[in-house]
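>>> Got a sequence here, can you build the structure:
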Amino acid sequence: MSRSHIDVSVLASQACPVSEVLDHVSGKWSIGILVAAAQGPVRFTELERSIRGISRRMLTLNLRKLERDGLLVRTVHPVVPPKVEYRLTDMAQELHASLLGLTDWARRHGSAVAAAQAAYDREHDG
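Okay, here's the model as predicted:
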């Protein structure tokens, strides 16, 4: 096979796991939860206060999803009233570092992307 021909099925099979992971962590609330839990164990109410606009139900659903994905550990302390804490797994700590890199990239290049979009729109709308 020449270099000019790309086996799309190979690329798709390699991209599939990446797409699946991004679908899980790129939701509206997942990144906020990961960032909020990055500094150490955090309680449900602390998460609820730190993530503006999230409902209790949505927070619960996202916490369960992130726990199922192996990104959060939920610890229930046997006290009255029950104390529940969430912390990032090692895998999630690594993801958090990558998210910080992406955030840094977005800050550095956000205005360039906006300028490119405006230039494209002027060229193609006119």
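>>> Which residue ranges of the protein form helices?
8-25, 30-37, 44-50, 56-68, 90-125 (DSSP state H).
>>> Highest mean neighbour count out of these?
Mean neighbour count (mean count of other Cβ atoms under 10 Å) peaks for helix 30-37 among these, with a mean of 20. For the C-beta atoms, the positions are set from N, CA and C on the backbone; glycine is no exception.
>>> Would you mind checking the average pLDDT for it?
For helix 30-37, the mean pLDDT works out to 92.
>>> Would you mind getting the angle between that helix and helix 90-125?
In this structure, helix 30-37 runs at an angle of 140 degrees to helix 90-125, with axes from the mean of the first three to the mean of the last three Cα atoms, to 10 degrees as the basis.
>>> helices or strands next to helix 30-37 in the packing?
Counting contacts by 3 or more Cβ pairs under 8 Å, 6 or more residues apart in numbering; DSSP states H and E, helix 30-37 is packed against helix 8-25, helix 44-50, helix 56-68, strand 83-88, helix 90-125.
>>> what about 10 Å?
Based on contacts counted as 3 or more Cβ pairs under 10 Å, 6 or more residues apart in numbering; DSSP states H and E, the elements that helix 30-37 packs against are helix 8-25, helix 44-50, helix 56-68, strand 72-77, strand 83-88, helix 90-125.
>>> Of all those, which one is nearest residue 35?
Relative to residue 35, the nearest member of these by Cβ to Cβ is helix 90-125, separated by 7.0 Å.
>>> From the chain's centroid, how far away is the closest one?
14 Å (Cα atoms, centre = their mean, to the nearest Å).
>>> With stretch 64-74 instead?
Averaging C-alpha coordinates over stretch 64-74 and over its chain gives two centres that are 12 Å apart (Cα atoms, centre = their mean).
>>> now stretch 43-60
On Cα atoms, centre = their mean, the centre of stretch 43-60 falls 16 Å from the chain's centre.
>>> circling back: the helices of the chain: which one's closest to residue 74?
For those, proximity to residue 74 was assessed by Cβ to Cβ; helix 56-68 is nearest, at 5.4 Å.
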